[in-house]
Structure formats: structure tokens, C-alpha cells
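[1] this one's sequence-less:
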């Protein structure tokens, strides 16, 4: 039964190998990808139901006694994120298959895409279910190595520049991660998260705080917290739409997940402590700087990348408050943001195909020519800005309530900042709306560089692309429709995070 | 636990040299910086395991004088990963040299465009797209 926890990692990895073998048969590659990721969705749904009913599912790999071996564990938070990520990766895969079939003959098929995409999915899943710090590092590396290939595939001059930035920054943060593991091991002699929770509590406050800060820096680079965010808006927009969508939806969120897990389990603090204030300041900076950056942009994808940075701030806000309502808000926000942000980048890809440009000033008239795309954009965009009754509103109102209930001066300021960021987000998405959707219908601009996959002004979209985007948009609406049960589930997951005793017992056994 | 002073000084040198090189403009230096930083980090993992001792094989010396094998296993994994990624980075640097003709890290065009957008806010769309 507990072996189900390992399947979201194992299946995509094995499928990636199989996909490489069938490199010459694109049809088989597509079938493998879709079948395996659908299997992961089913498995993740089962793991979520099971962990919600009977507590965390634990798998000690190789039968080694904890804390010496590798532990895989899926509690409610891990299982929920596993399910949402699986749905998003499947939808994005269908989108990219649709795009590939449409572009048949445009010399865009490549044998590397499918295997690397599956490896990326395996890395993301492993990061969610791992129970120790070193396996978390390995999971990040699996995910990042696949993303390096995806972002630098079919290199043009601007892409190699952006890819270089991305690879070097990620590699440096990985080396800092190794340093952090070495420091933690030197201080405690273990890397198992549940065991660390016991042993870090015994350290002197100074050592504990510096380790905690180191963890925030390492995962802060991955999650693109201000002021560690500079790499993100430079590198993400150069990749083709499906790749950017899955990066924006998942990669930064894995960083946020790692922050949530380590901060709640290993370095717990109270909502009035210095650590909480520090995280609150980081969160308001991230929200405001990201939103202001978005307003200054003219490139559609860069604008959305800055919005992505801005909304990471909301998740850190809830984490900093460190109470059940705040963490419930964070979990709701992560679930909402993964779907909505991925949907927005996919719609961005659709817009670019019809206009042939990413420059907001150069495009116009999409609403008149393609009303369906306008609807597909409007729903997630309004949701991102937090307009009721969409999913963003549900998540934001929980966070704002948590901020108001905490009732410290800093929390009030950050709550006000969160409201302001919502308005700025609305302004930023309105700029896209005015630029891209209003105005006269214009013919797609001629493709300046046929090898470049970002500005593909073919003017054609397939049912697969529209369908996949629509599924994500509907999933975003479904989050709002089922807000009641989802909030309750998030509440239970948040309570698990604050009281880590069941997690520790599940991994280490009763003592 | 006690730390070997030589190792600590060596690690400090590797880390500072690595970070210094990463902040350079030339890609080759950045790459060397990553390699040196990687060595520093892997050495750190080793040192975190405690002072040197007997190899950790059962029936191969006294249990009390054995070293902790876990950091060694982790360091091995980390070495493999950094090695693979260094190779990938080398390939990228070569590609960059082929495409751009030098190994300078370029400024981001879009950044410059946003900075200059005060001046060209009135540009006609066609002109904008052709840039």
C-alpha cells in the first residue's frame, strides 16, 4: 500500500528511459507521456485520500531503519501538492503535444523534450514526498538538470544568454544547499527531517537561527524571493510557452514547499518571534517589488514572470504568520497559484501565436478575432488579482484574515501591502488586456527567427492547445467551487504542519 | 566536535576564490568559479563527518575508530552531480562562444529596453516590433 508513495517518482523516471528508447517514434513518445502522467494523477488522488483518512503514508526505502535510510512520506500537504502538480503537468504535456502536432514540419520536433519533461515531473514529485534533506537536494538536482535542458534546447543567441544566467544561478544555489547540508550534519549528525526536528531543538539558539537563515537563503533563491529573484524574469520568458508554464507553475512552488516544510518541521517559531518579522518583511518586499516590476514591462512573458515573483510573497506572508489560518491560506494559495499561473502562461503562448510578438505595444485585437482566448485569459487573470468569487479571492481572503487576526503592527502593514499588491496585479493584467485584446485586428507579424520557439506567429492553434488551457482554467474555477471542502482539507494539513508529532511518529516510530 | 584548522582555512580559500570568480564577466571564469566552489562544498561535506579514522567496513578495524560513512556517501553523490553539471555548463559555454563569438556574459536586451522606455514610449508598433 505504502509503495504508492514512490510511484509518482518511479513511473515518470522509468517512462523517461522508455521515451528515450522510442526517440524515433514521436507518436509512441506522446502516448507514453500521457499514459504515465495520467497514471500519476490517479495515484496522487489515491495517496491524498489515503493520507487524509489514515494519516501519513511512509515508505522506508531498502528497509533501512530510520533515520539512517531514505524515507519517503506523503502527509496531507505533500499529497495535495502531488495531485495538483500532476494535473498541471498532464495538461501542459497535452498542450505541448497539441502545439507540436500543429507545428508539424516546422522542424520543432526534438527527441529530448519528452524524456526531459518526464524527468522534471519525477524530480518535482520526489521533492514533495522526500523525508530527508539530502534526498531533497537530489530531487532539486533531478528537477533542475531536466529544466536546464528544457530551457536551453534549440539554442538561439538570446536563449543561450538567459539559459546561462539560469544554470549558473541554480548551480550556485545548489552548492549553497550542499553547504547547508554540511552545516546541518556537522551540528546534528542527521539529515532525516523528522530526526532533525528533535535534534535542532537541542542546539543553542544562535546556531539554530543561523541554520534557519541559511535554509531561507537557499530555498529563497529557488523560490525567487526578493532580493534573490533577479534570475527569474531574465530566464523564464525565453523558453517556449509550455516550458515556461510548467516552470512558473511548479519549480518556484517546490522552493516554497521546501521552505514551508523546513520552517514548520525543523525550525518552528512563534508568530511574534524575530524570524516571523524577518519573513514578513521579505514577503512584503517580494509582493511590492514584483508587482512594480510587472507594471514596467512591455514583454508579455516578462510581465507575467514579475507577477509570479510578486505572488510568491503571499505564500511567504502566510508562512511568516505561523498559525493555522495563515498556513491554511498558504496551502490554498499554492494550490490556486500553480493552476492559475500555468494557465496564464499557456494563454500567453496562444496570444503570441496569433499576434507573432510578445511586445504588448505591438499586439492588438485578439478579443475581436478570438473571443475564446479572451475568456481563457480573463478568468485566470482576474483570479490572480483576487476578484471574487474566483480561486484567488478564496486564498487571499484567508491570508488577509490571518494577517488581521495576528494583530501585530508588522502584520497589519503586510496585510495592507497584500491588498495593495492585489490592486497592482489588477493594473498589470489590465495592461495585458488593453494591449493584447482591445483594438483593431492585426495580421500576425512575420516570424523574425524561425528557429526561435517563443515568437511563433503561425496564427494557428489546435484543439489540444485550447483544450489543455481550458482544462487548467476550469480547474482554477473548480478550486473556487469546491472552496469549502478544500479549505477544510488545507486546514487539516496546516494543523499537521503546526503539530509535527504525528509526522515524527510516522517516520521514526513511537517512542 | 573539533575541526582541523588546515581544512577550515582551505575551505575558506576555496569558497572565497569560487565566489570571486563567479562574479566575473567572462564565462570561463564563472565556470572555474563554479568548479572551485563545488570542491569547497564537497570538502565541507567530508569535514562535517568528523576527524579521519578507519574505513567503515564491518570486520575491518575497531568500531569506535571508524569514520562516519554517511557524509562520504553524500559527498560522492554531490561530486557526481557537480561533475555532470559542470560538463553541461562547458557545453553551454562552447555553444555561447559559437553563437556570440566571445565568452562575455551579455546584458539583457529587455532590461535595457525597459530602462530606455521613457524615450520610445511613442514609437509606432511596427517600429517597436522590428527592433
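    Arrived safely. As the structure is a prediction and not an experimental result, all values here were calculated from the model.
[2] Which element, helix or strand, includes the nearest residue to residue B:29 once chain neighbours are set aside?
    Using Cβ to Cβ, 6 or more residues apart in numbering or on different chains and skipping residues adjacent in sequence, the residue nearest residue B:29 is residue B:21, 4.9 Å away. Every C-beta, even on glycine, is put in place using the N, C-alpha and C of the backbone. Remark: residue B:21 resides in helix B:5-22, with elements defined by DSSP states H and E.
[3] packing partners for that helix?
    With contacts defined as 3 or more Cβ pairs under 8 Å, 6 or more residues apart in numbering or on different chains; DSSP states H and E, helix B:5-22 has these neighbours: helix A:157-188, helix B:27-48.
[4] Run through the helices of the stretch 51-200 of chain A in chain order.
    According to DSSP state H, counting those that start in this stretch, the stretch 51-200 of chain A carries its helices in the segments A:76-102, A:113-129, A:133-152, A:157-188, A:193-200.
[5] And for the shortest one, what's in contact with it?
    So the one you mean is helix A:193-200. Where contact means Cβ atoms under 8 Å, 6 or more residues apart in numbering or on different chains, the residues beyond helix A:193-200 that reach it are A:66-67, A:71, A:131-133, A:184, A:187-190, A:208, A:211, A:261-262, A:265-267, A:500, A:503-504, A:506-508.
[6] Can the helix or strand just after that helix be said to contact chain B?
    Using DSSP H and E, the helix or strand that follows helix A:193-200 towards the C-terminus is helix A:205-223. No - contact of helix A:205-223 with chain B (Cβ under 8 Å from any Cβ of the partner chain) is absent, the minimum separation being 11.8 Å.
[7] Name the residues of helix A:205-223 that are buried.
    Residues A:208-209, A:211-212, A:214-216, A:218-223 are the ones in helix A:205-223 that count as buried (16 or more other Cβ atoms under 10 Å in any protein chain shown).
[8] Repeat that for stretch A:179-193.
    Across stretch A:179-193, burial judged by 16+ other Cβ under 10 Å covers A:179-193.
[9] cool, stretch A:421-429 as well?
    Using 16+ other Cβ under 10 Å as the test for burial, stretch A:421-429 gives A:421-422, A:424-426, A:428-429.
[10] cool, and stretch A:133-146?
    A:133-146.
[11] for chain A, what spans make up the strands?
    Listed from the start of the chain, chain A has strands (DSSP state E) covering A:57-60, A:71-74.
[12] Dump these to a markdown table, plus mean pLDDT, distance to residue A:482 and mean neighbour count.
    Formatted as a markdown table, the strands of chain A follow (pLDDT from 0 to 100; distance: least, Cβ to Cβ, whole Å; neighbours: other Cβ atoms under 10 Å in any protein chain shown):
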| stretch | mean pLDDT | distance to residue A:482 | mean neighbour count |
| --- | --- | --- | --- |
| strand A:57-60 | 92 | 23 | 21 |
| strand A:71-74 | 93 | 21 | 26 |
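[13] I'd like those laid out as TSV, including distance to chain B.
    Compiled in TSV, the strands of chain A are given as follows (distance: least, Cβ to the nearest Cβ, whole Å):
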stretch	distance to chain B
strand A:57-60	16
strand A:71-74	14
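[14] Tell me the one of the buried residues of stretch A:421-429 nearest chain B?
    The shortest distance between chain B and any of those, using Cβ to the nearest Cβ, involves residue A:428 and amounts to 13.7 Å.
[15] follow-up on the earlier one: restrict the buried residues of stretch A:133-146 to contacts with chain B.
    A:134, A:137-138, A:141, A:145.
[16] What is the most widely separated pair among those?
    Among these, the pair separated by the greatest distance (Cβ to Cβ) is A:134 and A:145, at 16.4 Å.
[17] now the strands of chain A as JSON lines including distance to residue A:319?
    As requested, these are exported to JSON lines (distance: least, Cβ to Cβ, whole Å):
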{"stretch": "strand A:57-60", "distance to residue A:319": "24"}
{"stretch": "strand A:71-74", "distance to residue A:319": "20"}
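[18] Tell me which of the ones you listed sits nearest to residue A:313.
    With Cβ to Cβ as the measure, strand A:71-74 is the member of those nearest residue A:313 (27.6 Å).
[19] what's in contact with that closest one?
    Contact partners of strand A:71-74, identified using Cβ under 8 Å, 6+ apart, comprise A:5-6, A:9, A:47, A:51, A:56-61, A:82, A:128-132, A:192, A:194, A:503, A:506-507.
[20] For residue A:440, which residues are in contact?
    By Cβ under 8 Å, 6+ apart, the residues touching residue A:440 are A:364-365, A:368.
[21] any idea how far chain A is from the residue nearest to residue B:29?
    When distances are taken as Cβ to the nearest Cβ, to the nearest Å, residue B:21 and chain A turn out to be 11 Å apart.
[22] follow-up on the earlier one: of the helices and strands packed on helix B:5-22, give the one that comes closest to residue A:436.
    When the helices and strands packed on helix B:5-22 are compared for distance to residue A:436 using Cβ to Cβ, the nearest one is helix A:157-188, at 21.5 Å.
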